[in-house]
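A.B. asks: Turn this into a structure:
(2 chains, ligands or ions: 2)
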Protein chains: 2
Amino acid sequence: ADSPSVDDLRTTADDPYRNEPSRHPALNVVSERPFNAETPVALLADHFITPNEVFFVRNHLPVPTLEGDGYEVQISGLGFQGPLNLSLNDLKTKFQKHTVTTTIQCAGNRRHAFNQVKSVKGLNWGNGAIGTAEWSGASLRDVLSYCGVYDERARLLKAKHVQFEGWDEDLSGCPYGASIPLEKAISEHGDVILAYEMNGQPLPRDHGFPLRVIIPGVVGARQVKWLRKVIISEEESQSFWQQNDYRVFSPSVDWDRVDWRKAPAIQEYPVQSAVCDPMDGSIVPPDQEDVTVKGYAWSGGGRAIIRVDVTIDGGVTWHEANLRCRDKRCHLRTDSSYEDASKAASEPAGDEEDDDEDDEVLAQEASDFTTRPVDKAWAWALWEAHIPVPQELRGRELEICCRAVDASYNVQPESVSAIWNLRGCLCNAWDR
Amino acid sequence: ADSPSVDDLRTTADDPYRNEPSRHPALNVVSERPFNAETPVALLADHFITPNEVFFVRNHLPVPTLEGDGYEVQISGLGFQGPLNLSLNDLKTKFQKHTVTTTIQCAGNRRHAFNQVKSVKGLNWGNGAIGTAEWSGASLRDVLSYCGVYDERARLLKAKHVQFEGWDEDLSGCPYGASIPLEKAISEHGDVILAYEMNGQPLPRDHGFPLRVIIPGVVGARQVKWLRKVIISEEESQSFWQQNDYRVFSPSVDWDRVDWRKAPAIQEYPVQSAVCDPMDGSIVPPDQEDVTVKGYAWSGGGRAIIRVDVTIDGGVTWHEANLRCRDKRCHLRTDSSYEDASKAASEPAGDEEDDDEDDEVLAQEASDFTTRPVDKAWAWALWEAHIPVPQELRGRELEICCRAVDASYNVQPESVSAIWNLRGCLCNAWDR
Ligand SMILES: [Mo]
Ligand SMILES: [Mo]
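C.D. replies: Numbering: from 1, shown residues only, chains lettered A, B, ... in the order given. Ligands and ions are numbered 1, 2, ... in the order given. Reported below is the predicted structural model:
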C-alpha cells in the first residue's frame, strides 16, 4: 500500500502532463497525452460558431503553463539587428484589434476512413477535428510592417517564410514549430492574426493561451499555439512537423520508400465536406417520407463552397443542399465593427439565438458567392438537405454520402483508397 | 451550271465567315463555323511553349477583320465621366511592356469523355484544347490605375467586376462578352494583361489581333479576344456566355431543371492532367520492358502542380512522373527581362532547342515548388514517366491513366460520370 499508484505517479512533479487544463466532458477524446479530442459531430452542424468548450483540441505536446502578464513574443530573423520583443500588452495597445471568422481543420480530420482501407500512422480522428471561431488580435501584417518587414524590403532580404515556435516542447526541450510563406503573412488579403481572443474570450489554455497565430485557409498544423517566436527566414521551418510530417504522398509510397523532400508541406487545405446528422447507422422509420441531412463543407485558400451534393442511393440521384454561410462576418474586420458585433451579442439572452440566425446568409444564387472579394471565404458553409426517401429504402439503414465543390470548381475525390497516404493526412474523399 | 455552288455562296459578301484567316493544316478541326480546332495532342507534351500556328483555337463567332493602326479600346463604367479611349499605340508606349507565360485551357477541354457517358451540349473537344504561350502587353492593373481605378477608389465606387467585350459579334450585332472579379484585375498578383503579342509575334488573327485580355489561372472563356471595351461595374457581364453558359451543375440537373443563377460563372480552373503520348490504342511491343508516358498537368489560380501519378495497372501501382516546369519564366516580367529573353531566343537556330531545355526546371524536391511566390504558377507542368511493363502486359494495349495534385492538395476526381454536367464543362476526371 506504500507504493504509489499509476495515478499518483502521473501527478508527480516531473510529469510533463501535470498541469493540463480541465476539459469539457462532451469532447470525444482521441488521445490523453498529448491531449487530442474532437467535437461531437452531431453538435458541429448546429452552430456556425463552434463554442470554445467543445472546439476540437489538437495538442502535439503537453500544454505549457503561461501567464498573460509580462508575456512576450520574440520577433527576429532576416532584417533584424537583434530580436525584438513585443509584450501581449503591446500587441493589444499598439496595434488595431482585428477579428477574423475562420474554420480550422486538422490535417488528420477523417483519418479513420483511411484506416478502414489500410492502416496509417496517426491519431484515429473521426469527422470532428474541425471547427469555426471568431479570432481577435493584432494583424501579423501590421506587426511585421511595424518591424520593417514589408513587400519590397522582404524581396531585398530574400525573406520567403515566416517561422513560428510555440512554448510547447518535448522532453528534450525542442519546441513545436511550423512556417508559412511570407507572402501569406504580409499580403493585405492574408488575414493572418496574432490572436489573443477566441469568440470574444481570452484564448482557452488548450487553444494557445495567451497567444497563437491564426492563418485563415491553411491547415491547423501551421497555426502555432502558445506563440513564443516569429522568425523571418529564407527557409521553411526545420521542425519535424514541417519537414517530416504533414505532407502527402501517393498510395504507392510506403514507409521504406518515403522521401519527405519530394512533397511540399501542407498549407492550403483541399475541398472537404462531411455528414454530421444523421449519424452512421441511423435507421429511417418505416413511415418517414423524407430525411433531413446536415453537415459542413469547407475549402482552403479562402475558396467559397459553391455546392454540396447529397445522395442516399449511391450517387444515382444527387440532391443539392442548402448552404448556410455567414459572409458578412467571415472577413477580417477591425475593432469598431467588432464592437458593434459585441454589442449585438450582448443583447438580452433570449434574442441571441435569433440574432445568430439572422446573420447567416442562406445562399440562394451564385451571386451570393461571387460578390465576395476573391479568396476570402475563410469560414465553412453549414448545409442541410431534405431528401425524399423512396418507399423501398424506408425502415432501412440509409447510406448517406456527400461531396462539396469549391469556387475553383475543385471537387472531392470519390474513393478513400485512391488518396490513401502513409501518414493519413487530408482525407477528403466523399463522406459515406 | 449557272447556279452558285455551296462554296461560292460561302464566299459571298454577306457570309459572316468570308474573312476567316488561313489556318495550319496540323490543327484538328472540331467545328468550321465558328472555327474551333485543337492542337494535335502528341505535339502538346513536346513543347513547353505551344507554337502559335498550332495553338488551339476557340472561336464563338466569326473572326473580325481589324487593323492595328488606329485601333482603340474603350474603357468606361463606374468612376468614369465618359468613356476613355486608348489606342494600341498608347498601350504600347504609355505603359510598361509585361510578359507572362500562362496556360489557357478551354472550359470544354476533354468534353469527349463526358459524351462517352451521356451526351452533353457543346463542341466535342478531345485533350487538345489547352496550350501555353508567352503573352506580352500592358498590365491591366497599370491601365486601370492610370484611369483612376485602384483598390480604395474601387471600394468607394462599389466596383466589383471588370467586363470585357470583343469585336466578334453574332448576326444581331451582339458581341462576345465576359467578366472577371475586379480584384483579380487590380491585384499586384493578378498578372492580367492587355496583350498585343503572343510568343514575341503580333497576336495571330485567331488569337485576338490586335488585342486580347490574358487572365492567368482563369478559364479561357473570360480571356476576351479582339478587345473592344473594358467596363468597370458592380455586376458581372450580362452576356449569354457569362450568365447562361460556362457554369457547372450536378449530374442530376438536366435541361428542364437548370437554373443558371444557382452556379457561379467559371473563373479559376480545377486541377487537370492528361496523357499525350502514347496515344489511345497504342500497343506495347512484346519485347519492350518499359514505356515512356508523357502529358501535361495544370491547375487554375496559380496553384503549382506538385505531383502527377501514372498507372498502367488500373491504379494498383502509381508511378510518380518527373515534372518539367519553367518557373523562372512563368511569372510576370517587365520589358527589360523580356528583352534578355528575346536576345537568347534570337541566338543561332541550332542552339535554340537546347536553350529551351536549359530553361526548364526539372522539379526534384518540394522546395522547387514552395519557393515560388504564392499562387503564381500560371503555366502548366509537362511530365514524363518511365514505367516498367510487367511481362503479362507486354504486347497488349495498355490502359494508361494519369492524375495530378496541385499546391492546395486538390486532386482530380476518379470518374467522369460523377462530375458529368449538362453543358460538359471542366472535365478533369482521371484521364484514361
Ligand atoms: Mo493537425
Ligand atoms: Mo472555352
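
A.B. asks: Let me see the contact set for residue A:414.
C.D. replies: By Cβ atoms under 8 Å, 6 or more residues apart in numbering or on different chains, the contact set of residue A:414 is A:429-430, B:413-415, B:418. Bear in mind the C-beta positions are built from the backbone N, C-alpha and C, glycine included.

A.B. asks: If we ignore the residues flanking it in sequence, what's nearest it?
C.D. replies: What sits nearest to residue A:414 in space, not counting adjacent residues and going by Cβ to Cβ, 6 or more residues apart in numbering or on different chains, is residue B:414, at 4.5 Å.

A.B. asks: picking that back up, in helices, which of the contacts of residue A:414 appear?
C.D. replies: residue B:418 (DSSP state H).

A.B. asks: which among the contacts of residue A:414 gets closest to ligand 2?
C.D. replies: residue B:413 (20.0 Å; Cβ to the ion).

A.B. asks: what about that closest one, how many neighbours?
C.D. replies: Look at residue B:413: counted by other Cβ atoms under 10 Å in any protein chain shown, it has 26 neighbours.

A.B. asks: Residue B:429 is in contact with that one, correct?
C.D. replies: Yes. Using Cβ atoms under 8 Å, residue B:413 is in contact with residue B:429, at 5.2 Å.

A.B. asks: Next, show the common contact partners of these two.
C.D. replies: What both residue B:413 and residue B:429 touch, as defined by Cβ under 8 Å, 6+ apart, is the set residue B:419.

A.B. asks: what comes up buried for stretch A:421-430?
C.D. replies: Buried residues in stretch A:421-430, counting neighbours by 16 or more other Cβ atoms under 10 Å in any protein chain shown, are found at A:421-430.

A.B. asks: likewise stretch A:138-152?
C.D. replies: Result for stretch A:138-152 [16+ other Cβ under 10 Å]: buried residues A:138-144, A:146-147, A:149.

A.B. asks: Next: stretch A:223-243.
C.D. replies: A:223-233, A:236-237, A:239, A:241-243.

A.B. asks: burial of the closest residue to ligand 2 within chain A, as a residue count?
C.D. replies: Of all residues in chain A, residue A:409 sits closest to ligand 2, at 13.5 Å by Cβ to the ion. Residue A:409 sits with 28 neighbouring residues when counted by other Cβ under 10 Å.

A.B. asks: could you pull out the helices for the stretch 301-432 of chain A?
C.D. replies: Assigned by DSSP state H, counting those that start in this stretch, the helices in the stretch 301-432 of chain A fall at A:327-330, A:335-345, A:349-359, A:367-370, A:416-419.

A.B. asks: One more: the stretch 1-150 of chain A?
C.D. replies: Counting by DSSP H, counting those that start in this stretch, the helices of the stretch 1-150 of chain A are A:6-10, A:41-44, A:88-93, A:111-117, A:140-146.

A.B. asks: Likewise for the stretch 151-300 of chain A?
C.D. replies: Using DSSP H, counting those that start in this stretch, helices in the stretch 151-300 of chain A cover A:151-157, A:182-186, A:240-243.

A.B. asks: Any buried residues in stretch A:200-217, and which?
C.D. replies: A:200, A:203-217.

A.B. asks: Sorry, wrong one. I was asking about stretch A:179-192.
C.D. replies: A:179-187, A:189-192.

A.B. asks: got the CA positions of that stretch in PDB?
C.D. replies: Output of stretch A:179-192 as PDB, limited to C-alpha atoms (Å, rounded to 0.1, in the frame of the first residue of the first chain):
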ATOM      1  CA  SER A 179       6.100  28.100 -41.100                       C
ATOM      2  CA  ILE A 180       4.100  29.700 -43.800                       C
ATOM      3  CA  PRO A 181       5.100  31.600 -47.000                       C
ATOM      4  CA  LEU A 182       5.900  35.200 -46.100                       C
ATOM      5  CA  GLU A 183       3.600  36.400 -48.800                       C
ATOM      6  CA  LYS A 184       0.600  35.000 -46.900                       C
ATOM      7  CA  ALA A 185       1.700  36.900 -43.800                       C
ATOM      8  CA  ILE A 186       2.300  40.200 -45.400                       C
ATOM      9  CA  SER A 187      -0.500  40.200 -48.000                       C
ATOM     10  CA  GLU A 188      -3.400  42.600 -47.300                       C
ATOM     11  CA  HIS A 189      -5.600  39.700 -48.200                       C
ATOM     12  CA  GLY A 190      -3.900  37.100 -46.000                       C
ATOM     13  CA  ASP A 191      -5.800  38.000 -42.800                       C
ATOM     14  CA  VAL A 192      -3.200  36.300 -40.600                       C
END
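
A.B. asks: Can you give the distance of it from its chain's centre?
C.D. replies: Remark: stretch A:179-192 is offset 17 Å from the chain centroid, using Cα atoms, centre = their mean, to the nearest Å.

A.B. asks: cool, and stretch A:79-88?
C.D. replies: On Cα atoms, centre = their mean, the centre of stretch A:79-88 falls 28 Å from the chain's centre.

A.B. asks: so where's the stretch 301-432 of chain A uncertain?
C.D. replies: For the stretch 301-432 of chain A, the stretches flagged by pLDDT under 70 are A:326-375.

A.B. asks: Measure how buried residue A:80 is and give me the count.
C.D. replies: By other Cβ under 10 Å, the residues close to residue A:80 number 16.

A.B. asks: hang on, it packs against residue A:232?
C.D. replies: Yes. Contact criterion Cβ under 8 Å: residue A:80 and residue A:232 qualify, at 7.2 Å.

A.B. asks: Touching both of the two, which residues are there?
C.D. replies: Counting by Cβ under 8 Å, 6+ apart, nothing touches both residue A:80 and residue A:232.

A.B. asks: Go through the helices of the stretch 1-150 of chain A and name the closest to residue A:254.
C.D. replies: Residue A:254 sits nearest to helix A:111-117 of all those, at 13.8 Å, using Cβ to Cβ.

A.B. asks: So that closest one, near ligand 1 or not?
C.D. replies: No. Using Cβ under 5 Å from the ion, helix A:111-117 never reaches ligand 1; the gap is at least 10.0 Å.

A.B. asks: Residues of the stretch 101-250 of chain A that sit close to ligand 1?
C.D. replies: In this structure, the stretch 101-250 of chain A approaches ligand 1 at residues A:106-107, A:220-221, judged by Cβ under 5 Å from the ion.

A.B. asks: again, 6 Å this time
C.D. replies: A:106-108, A:220-221 (Cβ under 6 Å from the ion).
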